[in-house]
Every structure is written in C-alpha cells, then in structure tokens.
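Novice: Sequence plus predicted model, see below.
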Amino acid sequence: MENDEMDDEVRLEKESVIPILKVELVRKLASLIEHDDRAEFEKLCKRVEYTIRAWYSLQFEELMDLYIYFDPVNGEKILNKRKMSPGEIETLELSFLTHLFQMMEKSSFKLLTKEEYKVAQSGQYLLKIPIEVDESKVDQDLFRRYFRGHQQEKPQEDLPDFADKYIIFRRGIGEDQITEYFFKEKVNVIISRAWRLLLRVTRIDRLFTKKQERSKKDTKKTDEPYEDVEDQNIIVKRIRLEKMELSITNLLGKTTIQEPTFERMIVVYRRASTKDKPDRGIFVKHFKHIPMADMELVLQEKKNPSLTPTDWVKFLVSAIIVVATLICYLLIPKADIWIVVAILAGVIVYCAKIYLTFRANKISYQNLITKATNDNQLDSGKGTLLHLCHDVIQQEVKEVILSYYILMEQGKATIQDIDLRCEQLMKEEFEEDCNFDVADAVKKLEKLGIVTRDKIGRILCVPLKKANDAIGNTTEEKVVEARQAKAGP
C-alpha cells in the first residue's frame with residue numbers, strides 16, 4: 001500500500017501474452033540482426049506464421065462449424081432443418097464450449113475468478129448505483145452442465161456466483177483516469193465521513209465491529225498467497241475520492257481519480273428459454289477498456305435501476321423525524337414554529353437530495369450503458385470468434401519468433417534461460433512486462449524442426465538458412481510466386 005491516502009493497490013495475475021504487434025516485433029528483431037541475415041530471418045518469420053496458421057486451420061474451422069448451430073441470428077433455423085434430438089443438441093453445445101474455452105486459453109484470456117470479482121467490486125468509479133441482472137431472463141443450466149462435465153478434467157473451484165448465468169473472460173490490465181472538480185461527489189464524501197463520525201461518537205458502529213473484524217481476517221488470508229508469487233502479479237493503482245485528504249485545495253480544485261481496467265473482456269451467456277420456445281442461441285460479446293469497479297456494465301439482461309433499500313430506509317427515517325417533530329410541536333404549548341419549519345425544511349431538502357442524486361446517477365448509468373455499447377463493445381458472435389482465431393495465431397507466432405531469436409543470439413540455453421532472456425528483451429527493447437510461455441514455444445520450435453537438444457537437454461537452434469529449408473516452401477509462398485509470375489512483364 002502506498003503512503004498517499006487516496007491510493008489502493010490492486011494485484012492481479014499476469015497473463016502469458018506478448019503485447020507487441022507481430023509486425024513491430026519482427027521489424028525490431030530484424031534490425032538487431034546483421035544485415036546479411038535479415039532477409040533470411042524475415043523469410044523464416046513468414047514461414048513460421050504460415051505453418052502455424054495451417055496447424056490451427058482445422059481447429060478453427062471446427063469451432064466455427066459448431067457455432068452456426070448456436071448463432072443467435074440463424075442458429076435456430078439450422079437446428080430446425082437438421083431435426084436433431086435434445087441429446088444431440090446438448091452434445092454439440094458442450095463440444096462448442098470446450099472448443100471455446102481452449103481458444104480462450106490459447107489466446108491468453110483468463111476466466112474471471114471470484115477473488116478478482118471481489119477485488120473489482122471493492123471500489124467505486126463512475127457507476128454509482130447497484131446493478132442487478134434479471135435472472136428470469138438468463139439461462140442457468142448450460143454452464144452448470146459444462147462445469148459439471150469438466151470437473152474431473154479441469155476443476156474450477158474459484159468461480160464467481162454468477163458463473164451459472166454468465167462466463168466472463170478477461171485479458172490485459174490498464175488504467176483509466178478522469179480529472180474533474182467532482183463538487184457533488186466531494187460533498188457526498190464529507191457527508192459520509194460525518195455520518196461515520198456520528199456512528200463512532202454514538203457508539204452505534206460497535207454493532208458492526210465483529211463483522212468488520214471477520215472481513216479483515218478473511219482479507220488477510222486471501223492476501224497471503226500474493227506475497228509468495230509477487231513476481232507473477234501485476235500491480236495497478238486505484239485512486240478514489242473516498243480516501244482523499246480533506247483540505248481546501250482538494251475540495252475546491254480539480255482532482256484526478258484512477259481505476260484499473262480490464263483491457264479486454266469477453267462475456268458468454270444464453271437467454272432463458274420458455275416451455276413453448278427453447279432458446280439455443282449462445283451470445284459471445286467482446287468489450288475493451290472496462291473499469292474494474294464498473295464491470296457490471298458488460299452484463300446483459302440488466303434490471304432497470306431503482307432506489308436501493310438504503311434509500312428507502314433513509315426516506316422512512318426522515319418520515320419518522322417529520323412525524324415526531326409534529327407531535328412534539330403539538331404537545332408543547334409555546335413551541336417556536338420557526339424551529340419546526342426549519343426541521344421540516346431540512347428533512348424535505350434531505351429527501352429531495354436523495355431522490356435527485358438517484359436521478360442523476362440513473363442518467364449517468366444510461367450514458368455509461370450507451371458508451372459501453374457504442375464505444376467499448378468491439379464485436380459479438382462470429383466476429384469475436386474470428387478475432388480469437390486470429391489472436392491465437394499471432395500470439396503463437398510471436399512466441400516462436402522471439403524464442404528462436406534468443407537462441408540464435410545466445411546459443412545453447414535451457415528453457416529457464418530462454419524464458420528469462422525473452423522477458424528481459426521485451427523489457428529492454430519494448431518497455432513491456434510479460435509472463436512468457438516458453439514451454440509451449442519450445443514445443444512448436446521442435447515441431448517445426450528448427451531446434452535441437454544436446455546430450456544434457458540444452459536447446460540450440462539450427463542456422464537461419466537450414467531453418468528455412470527445414471520448413472520448406474509454404475502454400476502461401478507458392479500462391480504469391482504464381483501471382484507474381486502471372487503479373488510479370
């Protein structure tokens with residue numbers, strides 16, 4: 001935790017992803033190679049990409065073929081034409097989800113865990129009102145069946161409570177900042193702190209002490225693993241108004257708030273079916289740059305926001321105060337009517353503030369929903385799946401190219417050496433931290449036939465010319481040569 005009172009630290013596990021574009025990676029590595037070998041290296045990079053694309057072609061095609069049955073647009077028509085039994089359809093559903101989860105893992109998307117969701121919801125950013133999903137409109141059977149069937153193969157023990165309704169994948173961590181005066185929000189902070197002070201002075205807060213202590217103990221337990229694997233985590237700051245220092249400068253000047261973001265989020269869900277009309281469509285929606293504290297924005301089938309139970313309690317307490325004030329006024333013969341008027345006016349203003357704040361938050365919520373739909377949603381359905389297929393290839397290619405370059409420059413190396421050097425190169429040349437998946441890269445280098453192992457298991461690459469010969473001419477290269485010959489002089 002930092003010394004600044006407004007700062008919280010959020011720790012999340014790094015993904016095994018290379019954040020640099022493939023074209024930039026190839027260009028930079030080629031510039032670091034002696035001029036005579038650059039052409040051979042660039043040819044090798046192209047052949048690696050063409051070959052890996054061919055390896056995944058059948059797997060991608062199978063995924064897309066399965067999705068046509070569950071595409072919310074045309075899937076129902078295709079299923080009706082095929083006249084499949086419910087059992088056959090359920091088998092296809094689970095097969096599609098299995099392929100989808102494999103694709104997510106290959107593309108370095110992580111399944112959002114219960115602990116990550118808890119951390120995300122522990123703060124507040126732009127979304128000021130609680131959001132709930134209308135569970136009657138969302139299917140709750142599909143994912144239960146999937147996780148139940150894969151529990152032995154790959155158990156999922158840390159799923160959020162909503163995992164039977166929605167599956168959320170996330171990748172990449174960023175930051176979102178807003179600098180404004182936040183006058184209304186700062187007033188609310190002052191009121192909240194005054195209210196907590198009142199609870200402490202009246203000792204009412206003691207009623208909640210035990211619950212708070214239990215929460216602190218639980219938090220401490222969940223924080224312990226981070227100390228053991230701190231180098232595997234990425235740390236981002238959360239700067240909130242709720243923790244700001246109260247001063248004239250802070251209250252009257254502009255303030256910057258900051259919230260960690262999930263740079264990519266993919267939400268998978270199905271709408272609820274009726275007895276007369278079963279709904280087999282599976283929605284896959286892709287979002288970008290979503291603040292953690294506002295991640296409910298990506299959930300679908302949300303209820304219209306309404307006043308919270310706390311707001312209604314405040315209204316009830318205000319009504320009790322009004323009634324008590326009127327009774328006291330009637331019982332006291334010479335009561336000062338202006339005091340009564342002042343109390344009633346204060347209560348009315350307070351109630352108006354609650355309602356107007358809710359109205360303002362609701363308008364803000366509607367604007368956020370519009371922004372999430374228009375600006376933050378990247379794609380959905382087939383478009384998202386095609387993006388994932390492309391993303392998998394790009395990540396695999398970058399891993400293989402980077403590993404080969406390290407071996408070419410360093411010579412013999414262990415898997416641990418390659419891992420360390422790849423991460424160092426990304427830091428030195430691109431100023432990027434990444435958790436490199438070296439084991440998978442080495443397997444593909446061996447499959448391509450461009451690396452060997454010595455007697456003690458160290459890995460070394462074959463020279464560039466031999467590496468290109470080992471892969472050989474690809475279909476894509478032959479097509480390019482044919483086009484060039486056809487367009488010749």
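Specialist: On my side now, so go ahead.
Novice: helix/strand/coil for residue 300?
Specialist: Following DSSP: H, G, I helix; E, B strand; the rest coil, residue 300 is assigned to coil.
Novice: Around it, count how many other residues there are.
Specialist: Using other Cβ atoms under 10 Å, residue 300 has 15 neighbouring residues. In short, each C-beta sits where N, CA and C put it, glycine included.
Novice: and it, what does it touch?
Specialist: 133, 138, 166, 267, 269, 283, 285 (Cβ atoms under 8 Å, 6 or more residues apart in numbering).
Novice: ok, it to residue 147 distance?
Specialist: As judged by Cβ to Cβ, to the nearest Å, residue 300 and residue 147 stand 20 Å apart.
Novice: got it, and residue 139?
Specialist: For residue 139 relative to residue 147 (Cβ to Cβ), the value is 14 Å.
Novice: beta partners for the most centrally placed residue in the chain?
Specialist: Taking Cα atoms, centre = their mean as the criterion, residue 170 is the residue nearest the geometric centre of the chain, at 3.0 Å. Listed beta-bridge partners, residue 170: residue 110, residue 265 (assigned using DSSP bridges).
Novice: element containing residue 93, please.
Specialist: Assigned by DSSP states H and E, residue 93 falls within helix 86-106.
Novice: again with residue 36
Specialist: In this assignment (DSSP H and E), residue 36 forms part of helix 35-67.
Novice: and that helix, what other elements does it pack with?
Specialist: Helix 35-67 is packed against helix 22-31, helix 86-106, helix 382-410, helix 438-448, helix 464-471, helix 475-486, with contacts defined by 3 or more Cβ pairs under 8 Å, 6 or more residues apart in numbering; DSSP states H and E.
Novice: for the ones you listed, which one sits closest to residue 181?
Specialist: Judged by Cβ to Cβ, the one of the helices and strands packed on helix 35-67 that comes nearest to residue 181 is helix 382-410, at 38.7 Å.
Novice: Endpoint to endpoint, stretch 243-252 covers what distance?
Specialist: Start-to-end span of stretch 243-252 (Cα to Cα, to the nearest Å) is 16 Å.
Novice: Oh, that last question was meant for stretch 111-127, not what I typed.
Specialist: Stretch 111-127 end-to-end distance (Cα to Cα) = 23 Å.
Novice: Now tell me what touches that stretch from outside.
Specialist: By Cβ under 8 Å, 6+ apart, stretch 111-127 touches 8, 10, 12, 104, 156, 158-161, 167-170, 176, 178, 222, 238, 240, 242, 257, 259, 291-297, 364-365, 368.
Novice: repeat for stretch 386-400
Specialist: 17-18, 20, 22, 25, 45, 48-49, 52-53, 56, 60, 63-64, 103-104, 106-108, 286, 378-379, 436-438, 440-441, 444-445, 448.
Novice: just stretch 401-411 next, same as before
Specialist: Here stretch 401-411 has contacts from 18, 22, 25-26, 29, 32-33, 41, 44-45, 48, 413, 417-418, 421-422, 425-426, 436, 438, 441-442, 445, 450-451, 459-461, 464, 467, using Cβ under 8 Å, 6+ apart.
Novice: Could you list the domains of this protein?
Specialist: 21-52+381-480, 309-361 (the TED database).
Novice: Next step: the contacts of stretch 111-127 restricted to strands.
Specialist: 8, 10, 12, 167-170, 176, 178, 238, 257, 259, 291 (DSSP state E).
Novice: rewinding a little: okay, the helix or strand just after the helix holding residue 36 in CSV with CA atoms only?
Specialist: Note on helix 35-67: by DSSP H and E, the next helix or strand toward the C-terminus is helix 75-82. The C-alpha trace of helix 75-82 is given here as CSV (Å, rounded to 0.1, in the frame of the first residue of the first chain):
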residue,chain,number,x,y,z
GLY,A,75,-28.8,-21.0,-35.4
GLU,A,76,-32.4,-21.8,-34.7
LYS,A,77,-33.3,-22.2,-38.3
ILE,A,78,-30.4,-24.5,-38.9
LEU,A,79,-31.3,-26.7,-35.9
ASN,A,80,-34.9,-26.9,-37.1
LYS,A,81,-33.8,-28.1,-40.5
ARG,A,82,-31.4,-30.7,-39.1
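Novice: So which bits of the helix holding residue 36 are buried?
Specialist: For helix 35-67, the neighbour count (16 or more other Cβ atoms under 10 Å) marks 41, 43-53, 56, 60, 63, 66-67 as buried.
Novice: and that helix, average pLDDT?
Specialist: On average, the pLDDT along helix 35-67 is 91.
Novice: ok and it relative to helix 475-486, angle-wise?
Specialist: Inter-element angle recorded for helix 35-67 and helix 475-486: 110 degrees (by axes from the mean of the first three to the mean of the last three Cα atoms, to 10 degrees).
Novice: And helix 35-67, how far out from the chain middle?
Specialist: 27 Å (Cα atoms, centre = their mean, to the nearest Å).
Novice: what's the answer for stretch 178-187, then?
Specialist: 27 Å.
Novice: ok so, going back, I only care about the ones in strands among the contacts of stretch 111-127 that end up buried; give me the PyMOL line for that.
Specialist: Buried members of the ones in strands among the contacts of stretch 111-127, defined by 16+ other Cβ under 10 Å, are picked up in PyMOL with:
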select buried, resi 8+10+12+167+168+169+170+176+238+257+259+291
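Novice: okay, the ones in strands among the contacts of stretch 111-127 in CSV with pLDDT next?
Specialist: Below are those laid out as CSV (pLDDT from 0 to 100):
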residue, pLDDT
8, 74
10, 77
12, 73
167, 92
168, 93
169, 93
170, 91
176, 87
178, 85
238, 82
257, 87
259, 88
291, 89
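Novice: and of the ones in strands among the contacts of stretch 111-127, the nearest to residue 432?
Specialist: Closest approach to residue 432 among the ones in strands among the contacts of stretch 111-127 (Cβ to Cβ): residue 12, at 16.3 Å.
Novice: contacting residues for the closest one?
Specialist: Counting by Cβ under 8 Å, 6+ apart, residue 12 makes contact with 116, 119, 173, 233, 234, 236, 260.
Novice: Next secondary structure element downstream of the host helix or strand of the second one?
Specialist: Counting by DSSP H and E, the secondary-structure element that holds residue 119 is helix 114-121. Proceeding N to C from helix 114-121, the next assigned helix or strand is helix 142-149, under DSSP H and E.
Novice: any idea how far residue 446 is from residue 40?
Specialist: 20 Å.
Novice: Isn't residue 381 up against residue 72?
Specialist: Yes: with contacts counted by Cβ atoms under 8 Å, residue 381 reaches residue 72, the gap being 6.9 Å.
Novice: Give me the common contacts of those two.
Specialist: residue 283.
Novice: Look at the two and report which has more neighbours.
Specialist: Neighbour count, other Cβ under 10 Å: between residue 381 and residue 72, residue 381 has more, with 19 against 16.
Novice: number of nearby residues for the residue nearest to residue 419 when sequence neighbours are not counted?
Specialist: What sits nearest to residue 419 in space, not counting adjacent residues and going by Cβ to Cβ, 6 or more residues apart in numbering, is residue 438, at 4.0 Å. By the criterion of other Cβ under 10 Å, residue 438 has 24 neighbours.
Novice: next one: the one 10 residues further on
Specialist: Residue crowding around residue 448 was assessed by other Cβ under 10 Å; the count is 20.
Novice: residue ranges with poor pLDDT in the stretch 251-400 of the chain?
Specialist: For the stretch 251-400 of the chain, the stretches flagged by pLDDT under 70 are 304-319, 321-344, 346-347, 349-351, 353-358, 360-361, 363-365, 367-368, 371-374.
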